[in-house]
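Chemist: I would like the atomic coordinates for the input below:
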Amino acid sequence: MDANEILDYCLAKKGVTESFPFDNETLVLKVDTKMFLLMGLERQPLAINVKTDPEWSAELREQYPQITGAYHMNKTHWNSVTVDGLKRDLIFKLIDHSYDLVFKSLTKKAQNAVNSL
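Modeler: Numbering: from 1, shown residues only. Just a heads-up that it's a prediction; the model follows:
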């Protein structure tokens with residue numbers, strides 16, 4: 001799985017925008033105004049940061065050495081996921097979960113605006 005495949009998958013979701021607010025290498029994907037995925041485009045092997053429910057985070061970190069607490073982020077809620085060696089279904093599930101968590105944290109007005117797109 002490569003960065004373009006992940007980007008295409010994310011951009012197919014409602015209300016998703018992309019930007020580079022930190023530097024020219026870290027792609028940030030947001031739903032409305034909130035981040036749900038970060039991806040270092042120059043990093044090898046490819047890794048993404050996704051938001052994850054804290055209980056599931058603990059399970060994932062125990063089960064997969066490719067999943068760790070996200071660097072420079074709240075490690076209770078964010079995981080760094082090295083894509084190599086993980087099944088694409090799991091990566092998509094993590095992306096979906098992150099998007100859903102962030103979407104649910106939006107105001108009802110923002111959720112309605114996203115849903116109307």
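Chemist: contacts, neighbours, all on C-alpha from now
Modeler: Will do.
Chemist: Dump the C-alpha coordinates for stretch 89-104 into PDB.
Modeler: Extracted as PDB, the C-alpha positions of stretch 89-104 are listed here (Å, rounded to 0.1, in the frame of the first residue of the first chain):
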ATOM      1  CA  ASP A  89      -8.200  -4.200   5.500                       C
ATOM      2  CA  LEU A  90      -6.700  -3.300   8.900                       C
ATOM      3  CA  ILE A  91      -5.300   0.000   7.500                       C
ATOM      4  CA  PHE A  92      -8.600   0.900   6.000                       C
ATOM      5  CA  LYS A  93     -10.400   0.000   9.300                       C
ATOM      6  CA  LEU A  94      -8.000   2.200  11.200                       C
ATOM      7  CA  ILE A  95      -8.600   5.100   8.800                       C
ATOM      8  CA  ASP A  96     -12.400   4.600   9.000                       C
ATOM      9  CA  HIS A  97     -12.200   4.400  12.800                       C
ATOM     10  CA  SER A  98     -10.200   7.600  13.000                       C
ATOM     11  CA  TYR A  99     -12.500   9.500  10.600                       C
ATOM     12  CA  ASP A 100     -15.600   8.300  12.600                       C
ATOM     13  CA  LEU A 101     -14.100   9.300  16.000                       C
ATOM     14  CA  VAL A 102     -13.300  12.800  14.700                       C
ATOM     15  CA  PHE A 103     -16.600  13.200  12.800                       C
ATOM     16  CA  LYS A 104     -18.500  12.300  16.000                       C
END
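Chemist: For this protein, give me the ranges with low pLDDT.
Modeler: Of all residues in the chain, none has pLDDT under 70.
Chemist: Grab the longest helix from it for me.
Modeler: If you go by DSSP state H, the chain has its longest helix at helix 88-105.
Chemist: Tell me which other helices or strands it touches.
Modeler: In terms of contacts (3 or more Cα pairs under 8 Å, 6 or more residues apart in numbering; DSSP states H and E), helix 88-105 is packed against strand 26-31, strand 34-40, strand 47-51.
Chemist: Just to be sure, Tyr9 is in a helix?
Modeler: Yes. Counting by DSSP: H, G, I helix; E, B strand; the rest coil, Tyr9 is located in a helix.
Chemist: okay, the helices and strands packed on helix 88-105, which one's buried deepest?
Modeler: Each of the helices and strands packed on helix 88-105 was scored by mean neighbour count; the highest is strand 47-51, a mean of 25, by mean count of other Cα atoms under 10 Å.
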